[in-house]
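Asker: Return a 3D structure for these sequence lines:
(chains A and B)
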Amino acid sequence: MRLWQVFIKSVREQKRDLWVICLSLVFAPLFVFIYYVMTGSTGTTSYGVLVINQDAPVTLANGTILAAGEDVVAGLRDLSYQNGSPLLKVTLVENREVADQKLRNRAAAALVIIPADFSTKLAAFRSGDISASTDLTFIGDLTNPYYTVAAVMAMTAADAYSQAFTDAPRPVELVEIPLGASAARSEFENYVPGLFVMAVVLMIFQAAMTPMRDIESGALRRLRLTPLTSFDYLGGTSLWLGLVSVGAVLLTFATAVGFGFRSQGPIWLAFLVVAITSLSIIGIGLIVACFSKTISQAFVIANFPLGFLMFLTGAAFPLPRYTLFTLFGHSFALPDLLPPTHAVVALNKIFTLGAGLKDVVFELTALTLLSVLYFSIGVWLFQKMQMRADRTQTCNR
Amino acid sequence: MPTTVLQTEHLTKRYGSLIAVDDLSLEIHEGEIFGFLGPNGAGKTTSISMMCGLLRPDAGRVLIHGQSIHGGAPAVRARVGVCPQEAVLWEKLTGLEQLEYIGSLYGVLPRIARQRGRALLEALGLSAKSNELAGKLSGGMKRRLNLALALVHDPEILVLDEPEAGLDPQGRVLVREYIRSLARCKTVILTTHNMDEAERLADRVAIIDHGRLLVVDTPEDLMRTVGEGDVLEVEFSGDASPGSSSISSLVPAIAARFFASVSTVNHTLTLRGRGLIERLPELLQALREADVRTSDVRLRANSLEDVFLSLTGRRLRE
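Answerer: Next up, the predicted model:
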């Protein structure tokens, strides 16, 4: 039976290319595992909420002290999933500037400001002065999908407390202030920063396959006979790939603008971000080329880092952030080791919040350092594994 | 005294326990065509790779005009041009573009590279295809372009790995004549399995097997001194059959006189020995004196293939 013979032949071939079949099989299960770990084994996410509590406690007629601000904060902290995991990760902050910065960096999803007369007004309201309603201010980046969840949860908790205390419906007005120009963004515009990064990340195929063409055809061996240095070869190749990346981003940008996208911040800064990101992608592409023997193998292997770069960096969709440590006011999580993570944050700030150079210095610095690191590793490995005198010669005598 | 252009000194390369090239020492002279022969897996490619600087030896060294090719100045390597066995081309570049590209990597000025490129394409019968993408050329054209790429930087030494493989007879003649013309101004090292190619082209040949150099000499001297020698077949006519008593008695005498191995099958007497061609008149005279009439005489000189098989055996190698 011919069908069976074709099947057997395919099995035999694939058995002899175990590396590729293993990567193909492991890809999705690995991401299931990573997502399980990243979203927490219990499947719960704590949404970061910042609170500026300006409330001054008051003494009630019966002599008890009312600290409504503190009570609301406690209420926020008490919100939990059925398994007891906290729903909100509440952090008290002193001033608005620090809070805004954290919101811009997406280190927190929402900011709640409790006014100074919160207790006083609630006490008056409870005593029958219905004109004494107070308000709670919610601030956040409306393009951050976590903001909505965090704000709804926090509002529910605050409302529940105030209604229970006053025994009246809606004694507290909820005021929402969008961060930057986030309120004016369409849903389409919210996706554009991720698409910019995707345009660069997809260059990993070109970056891996361009040198592979020379390796597979034997041309690299011919080039090694010439005075061409690794720097010349990889520099020239990278320059071209960098240009293609910029071209891809320009085209992406033009298409997005054509469909109504408007950037709030300087475009040149966004292009600088993607240009630096492309350096790291080229480096990762070269690393892929080091472990490939053919173009098709490079294509399959490149999908592996692509998955990490797309799904763990926030380029495709946001993931909860688990801080490993904090340094100079910046929290660090595992995805921070991937350059596009910083590119996504920077582009969100530029496009949505109208950030300028000084607002993205941290992201730009981290992105540059990581990009140089990945590129250097790629160049070093490629030089060592593909361009050294002994590399491509096998013992065919 | 010929000038030594390329010299290998105790060149050795190991792959684990396998010694691919074992203590290879030889000298290649200016302007000669040097054939590098050996069965599959004999160590030819490894030796050539070390000679052109692609592979680093475990021991020994390769000198070009006294300068080491490994770790030396890039200019030393640039004295060598290599034409690999497989056509290594950039399929999406035209012939002329590839020649200009490789020329530029060797530091040849664009104008000169273009001139040289055109001249090479002309000499190798490719000028009509100079602006054709390499991917669209026929197999033979690709191989000729492959050769041109090895020459565009005007190297002093040209290394050719199986230069006639994959060429049709017309292409073979063209390339052979071109290589011969190059030898006036360049040193050519060629590896081949084709003994006829080596015999026609090479001034000297080296035969290696199991990584060791077996012999280096001119093809003529090798054919004269190595192997069983020339083959002479004498066919008898009339009643003088090989089984007759006169012939039977003649065989040992001929064998002793001409230092040849002699066998008889049907009406044919086959002699094999060195220098038989030169002694053919003497042999025919001896047969006449013995009253043996011959109807046909066929001669085949000792060939390089005979020398090769005599030195390396007939066992298949891989």
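
Asker: From A:Thr352, how far off is A:Leu250?
Answerer: Counting by Cβ to Cβ, to the nearest Å, the separation of A:Leu250 from A:Thr352 is 20 Å. C-beta here means a position set from N, CA and C on the backbone, and glycine is covered the same way.

Asker: These two - which one has more neighbours?
Answerer: A:Thr352 (27 against 13; other Cβ atoms under 10 Å in any protein chain shown).

Asker: is it true that the more buried one lies in a helix?
Answerer: Yes - assessed with DSSP: H, G, I helix; E, B strand; the rest coil, A:Thr352 lies in a helix.

Asker: separation between it and A:Phe317?
Answerer: On the measure of Cβ to Cβ, A:Thr352 and A:Phe317 end up 16 Å apart.

Asker: how about the helix or strand that A:Leu279 is a member of: buried residues?
Answerer: A:Leu279 belongs to helix A:267-290 when assigned by DSSP states H and E. For helix A:267-290, the neighbour count (16 or more other Cβ atoms under 10 Å in any protein chain shown) marks A:269-290 as buried.

Asker: For that helix, name the packing helices and strands.
Answerer: helix A:187-201, helix A:203-217, helix A:230-258, helix A:295-311, helix A:339-353, helix A:361-386 (3 or more Cβ pairs under 8 Å, 6 or more residues apart in numbering or on different chains; DSSP states H and E).

Asker: Ok, which of the ones you listed comes nearest chain B?
Answerer: Between chain B and the helices and strands packed on helix A:267-290, the tightest spacing by Cβ to the nearest Cβ is seen for helix A:203-217, at 6.1 Å.

Asker: Please save the CA atoms from the closest one in CSV.
Answerer: What follows is helix A:203-217, C-alpha atoms only, in CSV (Å, rounded to 0.1, in the frame of the first residue of the first chain):
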residue,chain,number,x,y,z
MET,A,203,12.3,39.7,11.5
ILE,A,204,13.7,36.7,13.4
PHE,A,205,13.0,34.5,10.4
GLN,A,206,14.9,36.8,8.0
ALA,A,207,17.7,37.1,10.6
ALA,A,208,18.1,33.4,10.9
MET,A,209,17.6,32.5,7.3
THR,A,210,19.8,35.1,5.6
PRO,A,211,23.1,33.7,6.9
MET,A,212,21.7,30.2,6.6
ARG,A,213,21.4,30.7,2.8
ASP,A,214,25.2,31.2,2.7
ILE,A,215,25.8,28.3,5.0
GLU,A,216,23.6,25.8,3.2
SER,A,217,24.9,26.7,-0.3
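
Asker: neighbouring contacts of that helix?
Answerer: Applying Cβ atoms under 8 Å, 6 or more residues apart in numbering or on different chains, the external contacts of helix A:203-217 come out as A:219-220, A:223, A:233-234, A:237, A:240-241, A:244-245, A:248, A:278, A:281-282, A:284-286, A:288-289, A:292-295, A:298-299, A:301-302, A:305-306, A:309, A:382, A:386, A:392, B:88-91.

Asker: B:Gly227 should be in a helix, yeah?
Answerer: No - counting by three-state DSSP, B:Gly227 is not part of a helix but coil.

Asker: Run a quick neighbour tally on it.
Answerer: 20.

Asker: List the contacts of it.
Answerer: Applying Cβ under 8 Å, 6+ apart to B:Gly227 gives the contacts B:Asn302, B:Asp306, B:Val307, B:Leu309, B:Ser310.

Asker: you'd agree the last one is in a strand?
Answerer: This means B:Ser310. No - assessed with three-state DSSP, B:Ser310 is helix; it does not lie in a strand.

Asker: and the closest residue in space to it that isn't next to it in sequence, how far is that from B:Arg204?
Answerer: Take B:Ser310 and drop its neighbours on the chain: the residue closest to it by Cβ to Cβ, 6 or more residues apart in numbering or on different chains is B:Gly227, 4.1 Å away. For B:Gly227, the distance to B:Arg204 equals 17 Å [Cβ to Cβ].

Asker: try B:Val265
Answerer: 37 Å.

Asker: Counting neighbours, go ahead and name the busier of those two.
Answerer: Taking neighbours as other Cβ under 10 Å, B:Val265 and B:Arg204 compare with B:Arg204 leading, 18 against 9.

Asker: Which residues of the stretch 151-300 of chain B lie near chain A?
Answerer: Contacts of the stretch 151-300 of chain B with chain A, taken as Cβ under 8 Å from any Cβ of the partner chain, map to B:His153, B:Gly211.

Asker: need the helices and strands packed on helix A:267-290 in a markdown table with mean pLDDT, can you?
Answerer: As requested, the helices and strands packed on helix A:267-290 are arranged in a markdown table below (pLDDT from 0 to 100):
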| stretch | mean pLDDT |
| --- | --- |
| helix A:187-201 | 85 |
| helix A:203-217 | 91 |
| helix A:230-258 | 89 |
| helix A:295-311 | 89 |
| helix A:339-353 | 90 |
| helix A:361-386 | 91 |
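
Asker: hey, which of those is tucked in deepest?
Answerer: Of the helices and strands packed on helix A:267-290, the one with the most neighbours on average (mean count of other Cβ atoms under 10 Å in any protein chain shown) is helix A:339-353, at a mean of 28.

Asker: Tell me what angle that helix forms with helix A:295-311.
Answerer: 50 degrees (axes from the mean of the first three to the mean of the last three Cα atoms, to 10 degrees).

Asker: Next, the buried residues of whichever strand or helix holds B:Leu158.
Answerer: Taking DSSP H and E as the criterion, B:Leu158 maps to strand B:157-161. Within strand B:157-161, the residues that count as buried by 16+ other Cβ under 10 Å are B:Ile157, B:Leu158, B:Val159, B:Leu160, B:Asp161.

Asker: Which residues are in contact with the residue of the stretch 151-300 of chain B found nearest chain A?
Answerer: As assessed by Cβ to the nearest Cβ, chain A sits closest to B:Gly211 within the stretch 151-300 of chain B, at 7.3 Å. Contacts for B:Gly211 (Cβ under 8 Å, 6+ apart) come out as A:Arg397, B:Lys13, B:Ile19, B:Ala20, B:Val21, B:Asp22, B:Leu24, B:Ala42, B:Gly43, B:Thr46.

Asker: residue ranges with poor pLDDT in the stretch 201-318 of chain B?
Answerer: B:238-247, B:314-318 (pLDDT under 70).

Asker: Now B:Gly140: closest residue in space, sequence neighbours ignored.
Answerer: B:Gly171 (4.5 Å).

Asker: can you pull the contacts of the one you found?
Answerer: Residues near B:Gly171 by Cβ under 8 Å, 6+ apart: B:Gly140, B:Arg143, B:Arg144, B:Glu164.

Asker: Secondary structure class of it, three-state.
Answerer: helix.

Asker: For it, give me the pLDDT.
Answerer: pLDDT, B:Gly171: 85.

Asker: Find the residue closest to whichever residue of the stretch 51-200 of chain B sits closest to chain A in space, skipping its chain neighbours.
Answerer: Across the stretch 51-200 of chain B, the shortest distance to chain A (Cβ to the nearest Cβ) belongs to B:Pro74, at 3.6 Å. Computed as Cβ to Cβ, 6+ apart, the closest residue to B:Pro74 that is not its neighbour in sequence is A:Pro227, at 3.6 Å.

Asker: Distance-wise, check A:Leu25 relative to A:Leu306.
Answerer: Counting by Cβ to Cβ - A:Leu25 and A:Leu306 are separated by 16 Å.

Asker: and if you look at A:Ala289?
Answerer: Applying Cβ to Cβ, the value for A:Ala289 to A:Leu306 is 14 Å.

Asker: With B:Leu213 instead?
Answerer: Where A:Leu306 is concerned, B:Leu213 sits at a distance of 51 Å (Cβ to Cβ).

Asker: likewise B:Glu9?
Answerer: In terms of Cβ to Cβ, B:Glu9 sits 50 Å off from A:Leu306.

Asker: Please apply the same query to A:Gly194.
Answerer: Where A:Leu306 is concerned, A:Gly194 sits at a distance of 14 Å (Cβ to Cβ).

Asker: Pull the contacting residues for the residue nearest the centre of chain B.
Answerer: Central residue of chain B (Cα atoms, centre = their mean): B:Ala198, 2.7 Å from the mean position. By Cβ under 8 Å, 6+ apart, the contact set of B:Ala198 is B:Gly35, B:Leu37, B:Leu190, B:Thr192, B:Val205, B:Pro219, B:Leu304.
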